[in-house]
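Trainee: could you work out the structure for the sequence below:
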Amino acid sequence: MNLGTPKTPLREAIPISEYIHGTFVPLSNLPHGWEMHSAVPLTPAEDRTTVREPAQAVPDSIAERLGKLRVLVVPWVACMETGDEVRFTKPEGETHSAVWLETGERIHLVLPCKELDPHDTGLEFLASIAELLRPRLTAEEMGRFSRLLEAELRAGVPGEIDEEARAAKQPLLARRARRKRNPELFENYCDTSFVSTTAEYMHGLWHDVQIRVGPEHLPVLQLRRRMTLLAEMFPPNAGYSLFAEGLEKAE
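Mentor: I've put the predicted structure just below:
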């Protein structure tokens, strides 16, 4: 089993800033030269679904932007006033679904897995990758995506990829008749929508995804345009394809 345990006994609560500097042996190798360690036992199926298969679906061009990455699977991550903590017993307060810290040598992505479906943890992994990619985009790349969103707003498309992106979009739809748009609201919407769309793009590369229909969801035409743009910017790896078959059936 591709797991590792720290050399020293684990405490019940360890600050994230301290935990990432622990010594983990052995480390499991992931695609892209990334590494993985789990502080809890994982079955082979959980290991594949939680990180390994999602990591394989991440386009090489995205992985290159992020550089070295270590995935640390832990039981829980507690939100504390003094800072986030890895917990080995269930915390009473709020918890995180993913956190990361960047050091000079690598990105440390901490993924809690207790009481979560492995697939949901895999989605959190991809969402984290998408969020880490956003500040590493060029102005030209973000401009291409922003122009696509501008066209959707002009057409009055109400739906979005997920609830968070839809919430960021609503104030802009309410203002679309005005000549001046709040640039901060639009920038926030672009960032949120890019992260959500990129996570869903990689999700579709990972496995077949059912297309959701309805006014709250992104119409198939706009979904296809977004996925096509991301596939141009960050092409799928060999053996992976943009889930065009599902889109064709939806149309």
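
Trainee: make sure Val110 is indeed in a strand.
Mentor: Yes: read with DSSP: H, G, I helix; E, B strand; the rest coil, Val110 is one of the residues of a strand.

Trainee: next one, pLDDT for it please.
Mentor: The per-residue pLDDT reported for Val110 equals 97.

Trainee: same question, the one 3 residues further on
Mentor: Looking at Cys113, its pLDDT stands at 95.

Trainee: doesn't Gly239 fall inside a strand?
Mentor: No: per three-state DSSP, Gly239 lies outside any strand segment and is coil.

Trainee: tell me who's in contact with it.
Mentor: For Gly239, the contact set (Cβ atoms under 8 Å, 6 or more residues apart in numbering) is empty. Where C-beta positions appear, they are placed from N, C-alpha and C, glycine not excepted.

Trainee: tell me how far it lies from Glu81.
Mentor: The gap separating Gly239 from Glu81 is 46 Å, by Cβ to Cβ, to the nearest Å.

Trainee: can you pull out the low-pLDDT segments for the protein?
Mentor: 1-10, 175-180, 243-251 (pLDDT under 70).

Trainee: let's see it at 80
Mentor: For the chain, the stretches flagged by pLDDT under 80 are 1-10, 25-27, 174-181, 243-251.

Trainee: ranges for the strands of the stretch 51-200 of the chain?
Mentor: With strands called from DSSP state E, counting those that start in this stretch, the stretch 51-200 of the chain shows them at 69-74, 76-78, 85-87, 99-102, 107-112.

Trainee: quick one, which of the ones you listed is nearest to Ser28?
Mentor: Ser28 lies closest to strand 69-74 among those, at 9.0 Å (Cβ to Cβ).

Trainee: which residues does the spatially most central residue of the chain contact?
Mentor: Centroid-nearest residue in the chain, with Cα atoms, centre = their mean: Ala127, separated by 1.0 Å. Residues in contact with Ala127, defined by Cβ under 8 Å, 6+ apart, are 98, 195-196, 199.

Trainee: with Glu152 instead?
Mentor: Applying Cβ under 8 Å, 6+ apart, the residues near Glu152 are Gln222.

Trainee: now it: how far from Leu223?
Mentor: Glu152 is 11 Å from Leu223, by Cβ to Cβ.

Trainee: one more: Asn29?
Mentor: In terms of Cβ to Cβ, Asn29 sits 34 Å off from Leu223.

Trainee: quick one, which of those two is more surrounded?
Mentor: Leu223 (20 against 12; other Cβ atoms under 10 Å).

Trainee: from what I see, that one and Ile211 are in contact.
Mentor: Yes: using Cβ atoms under 8 Å as the test, Leu223 is close enough to Ile211 to be in contact (7.1 Å).

Trainee: need the contact list for the closest residue to Glu200 other than its chain neighbours.
Mentor: Spatially, and ignoring its direct neighbours in sequence, Glu200 is nearest to Ile161 (5.4 Å; Cβ to Cβ, 6 or more residues apart in numbering). For Ile161, the contact set (Cβ under 8 Å, 6+ apart) comprises 193, 196-197, 200, 218, 223, 226.

Trainee: and what about Pro41, helix, strand or coil?
Mentor: Relying on three-state DSSP, one would call Pro41 coil.

Trainee: and it, backbone torsions?
Mentor: phi -60, psi 140 (degrees, to the nearest 10).

Trainee: from Lys114, how far off is it?
Mentor: 12 Å.
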